[in-house]
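Visitor: how would this look folded up:
(chains A, B, C and D)
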Protein chains: 2
Amino acid sequence: MTTTQRPMRADARRNYERLLAAAGAAFAEQGTEASLEDVARAAEVGIGTLYRHFPTRRALLEAVLHDGVVTLDVRARELLESDSPEEALLEWMRHLVVHTTAYRGLAATLMSSIRDPGSELYVSCQTMRSSSARLLAAAQRAGAIRHDVTDADLIKLVNAIAWAGEHGDDDAERLLGLMMDGLRVRYERS
Amino acid sequence: MTTTQRPMRADARRNYERLLAAAGAAFAEQGTEASLEDVARAAEVGIGTLYRHFPTRRALLEAVLHDGVVTLDVRARELLESDSPEEALLEWMRHLVVHTTAYRGLAATLMSSIRDPGSELYVSCQTMRSSSARLLAAAQRAGAIRHDVTDADLIKLVNAIAWAGEHGDDDAERLLGLMMDGLRVRYERS
DNA sequence: ACCTGAACACCGTTCAAGT
DNA sequence: ACCTGAACACCGTTCAAGT
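Guide: As a prediction, this is how the structure comes out:
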């Protein structure tokens, strides 16, 4: 499926880069629903050029997030080597929450993209999901995490916490801590 | 602050009721971002009439939700009499999640309204918040729930779970269970 | 091959005219 | 006092004309 990329014409490449930078700034400041006309204006490019390079808002978002997703993937592989699968899982969830909190509205977009193979963010979502699944399985094998927790649960909870973090000014770390305690294997009283 | 309501003119009252019914149906089907023009059309009323009765989308939402909020408030008072404050709190959270899940997008609206005294939903949010606070305090006094959990945490978690329930087709009950386990007082291993 | 922006569509909101 | 819908504003998206 990996199509060989023709080199872009110089002006096209320049416009592409300008759009990417402008979009990154706009999404960071105004959230993932930032006006695309504003983005084109900031990039000093016609709105048609934006649509030529990025046919949908999600395609633009995917390009903006791509490096971060790659970094996360690298981090996941490192964490899989950890001595403490439980600590590794918590650390992974922290990373996911930080990544998701970077742009207001991102949690909602990711949440719908994970169920939609037509979304340009679907591949990224699946990458993160499979990393989550492997880290979760390791923590469960180590006896740290309940066996009835699924990777779908994990994704939902992480996104839900990132979403909650968008509202209110305190950090999501505290909610993540409470959440994590709910996932742990517990010894019943009595 | 309770201003004496003049009786509405018969045609105004009729339009008000039609708008309320149409909005309830539209919000239930398309979420809280349903088109207000559609609502007016469904109510067979001019768009200007909608704005006259409900100056903002939130004012309309408040009117639609009002009965439900009153019912929840009654339920909270009953639950405060429960023998098991822990079970009462869980039951209360279930009610909140069900209420919030009724309209797609409601969790997000409530989450921003609770911090915004200018929102027409502010009073409802505060009512639910104080009920949550009392039920939480009771469960904490009974030794069932961690003392570091605040009512703000509780509200955020309930809304986050309702939000997650909007995406994906499984019910939120399962996530609520995991969440609740995170809030419980736990006996450390060793 | 790529860029541009006018044109179209859609929707929220206001307000002058009407009863 | 209340209703109406045309008018305005705003933004996403397409596409004919241009280089």
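Visitor: So A:Leu135 sits against A:Arg77, correct?
Guide: No - between A:Leu135 and A:Arg77 there is no contact under C-beta atoms under 8 Å: 10.2 Å. (C-beta placed from N, C-alpha, C; glycine too.)
Visitor: Looking at those two, which one has more neighbours?
Guide: A:Leu135 (25 against 10; other C-beta atoms under 10 Å in any protein chain shown).
Visitor: Next SSE downstream of the longest helix along chain A?
Guide: Counting by DSSP state H, the longest helix found in chain A is helix A:57-79. Per DSSP states H and E, the first helix or strand lying C-terminal to helix A:57-79 is helix A:85-101.
Visitor: average pLDDT for that following helix?
Guide: Average pLDDT, helix A:85-101: 95.
Visitor: again, but for stretch A:34-47
Guide: 94.
Visitor: Pull the distance from that stretch to the chain's centre.
Guide: Put simply, stretch A:34-47 sits 24 Å off its chain's centre (C-alpha atoms, centre = their mean, to the nearest Å).
Visitor: Can you tell me what sits against it?
Guide: Outside stretch A:34-47, the residues that touch it by C-beta atoms under 8 Å, 6 or more residues apart in numbering or on different chains are A:15, A:18-19, A:21-23, A:25-27, A:30, A:49-50, A:57, A:60.
Visitor: With secondary structure and distance to chain B added, can I get those in TSV?
Guide: Listed next are these as TSV, based on DSSP: H, G, I helix; E, B strand; the rest coil; distance: C-beta to the nearest C-beta, whole Å:
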residue	secondary structure	distance to chain B
A:Asn15	helix	33
A:Arg18	helix	32
A:Leu19	helix	28
A:Ala21	helix	29
A:Ala22	helix	27
A:Ala23	helix	23
A:Ala25	helix	24
A:Ala26	helix	21
A:Phe27	helix	18
A:Gln30	helix	15
A:Thr49	helix	30
A:Leu50	helix	25
A:Arg57	helix	16
A:Leu60	helix	22
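Visitor: In ChimeraX, how would I select the buried members of those residues?
Guide: Only the buried entries of the contacts of stretch A:34-47 go into this ChimeraX selection, using 16 or more other C-beta atoms under 10 Å in any protein chain shown:
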select /A:15,18,19,22,23,26,27,49,50,57,60
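Visitor: if we can go back for a sec, helix A:85-101 and the longest helix of chain A, what's the angle between them?
Guide: Angle of helix A:57-79 versus helix A:85-101, following axes from the mean of the first three to the mean of the last three C-alpha atoms, to 10 degrees, is 160 degrees.
Visitor: Which neighbouring elements make contact with helix A:57-79?
Guide: Judged by 3 or more C-beta pairs under 8 Å, 6 or more residues apart in numbering or on different chains; DSSP states H and E, helix A:57-79 is in contact with helix A:10-30, helix A:36-42, helix A:85-101, helix A:106-113, helix A:122-141.
Visitor: Identify, out of the ones you listed, the most deeply packed stretch.
Guide: Of all the helices and strands packed on helix A:57-79, helix A:106-113 has the most neighbours on average by mean count of other C-beta atoms under 10 Å in any protein chain shown, namely a mean of 22.
Visitor: Any idea how far that one is from the middle of the chain?
Guide: 8 Å.
Visitor: Not counting residues beside it along the chain, what's closest to whichever residue of chain A sits closest to chain B?
Guide: Residue nearest to chain B within chain A (C-beta to the nearest C-beta): A:Gly182, separated by 2.8 Å. Leaving out its chain neighbours, the residue that sits closest to A:Gly182 by C-beta to C-beta, 6 or more residues apart in numbering or on different chains is B:Gly182, at 2.8 Å.
Visitor: Flag every buried residue along the strand or helix carrying that neighbour.
Guide: Per DSSP H and E, B:Gly182 falls inside helix B:173-183. Neighbour counts using 16+ other C-beta under 10 Å place B:174-176, B:178-183 of helix B:173-183 among the buried residues.
Visitor: What is the distance between it and the centre of its chain?
Guide: 19 Å.
Visitor: what about the residue of chain A at minimum distance from DNA strand D, neighbour count?
Guide: Nearest to DNA strand D, among the residues of chain A, is A:Gly48, at 3.3 Å (C-beta to the nearest atom of the strand). Burial of A:Gly48 is recorded as 9 neighbouring residues (other C-beta under 10 Å).
Visitor: In terms of helices and strands, where is it?
Guide: Counting by DSSP H and E, A:Gly48 is found in helix A:47-53.
Visitor: Briefly note if that helix comes near DNA strand C.
Guide: Yes - Helix A:47-53 is in contact with DNA strand C by C-beta under 7 Å from any atom of the strand, via A:47-49, A:51-53.
Visitor: re the thing from before, return the distance of the residue nearest to A:Gly182 relative to B:Ala144.
Guide: 13 Å (C-beta to C-beta, to the nearest Å).
Visitor: Mind pulling up the pLDDT for the residue nearest to A:Ile145 when sequence neighbours are not counted?
Guide: Nearest in space to A:Ile145, with sequence neighbours left out and distances taken as C-beta to C-beta, 6+ apart, is A:Ala139 at 4.4 Å. For A:Ala139, the pLDDT comes out at 94.
Visitor: looking at it, A:Ala139 is touching A:Glu86, isn't it?
Guide: Yes - counting by C-beta under 8 Å, A:Glu86 is a contact partner of A:Ala139 at 5.1 Å.
Visitor: Now for those two: what residues contact both?
Guide: In contact with both A:Ala139 and A:Glu86: A:Ile145, using C-beta under 8 Å, 6+ apart.
Visitor: Kindly confirm my reading that A:Leu157 forms part of a helix.
Guide: Yes - under DSSP: H, G, I helix; E, B strand; the rest coil, A:Leu157 sits within a helix.
Visitor: Check the spacing between the closest residue to it other than its chain neighbours and B:Gly105 real quick.
Guide: Spatial nearest neighbour of A:Leu157, chain neighbours left out: A:Met179 (5.5 Å); criterion: C-beta to C-beta, 6+ apart. According to C-beta to C-beta, A:Met179 stands 23 Å off from B:Gly105.
Visitor: what residue lies at the spatial centre of chain A?
Guide: Per C-alpha atoms, centre = their mean, the C-alpha nearest to the average position across chain A is that of A:Thr100, at 4.9 Å.
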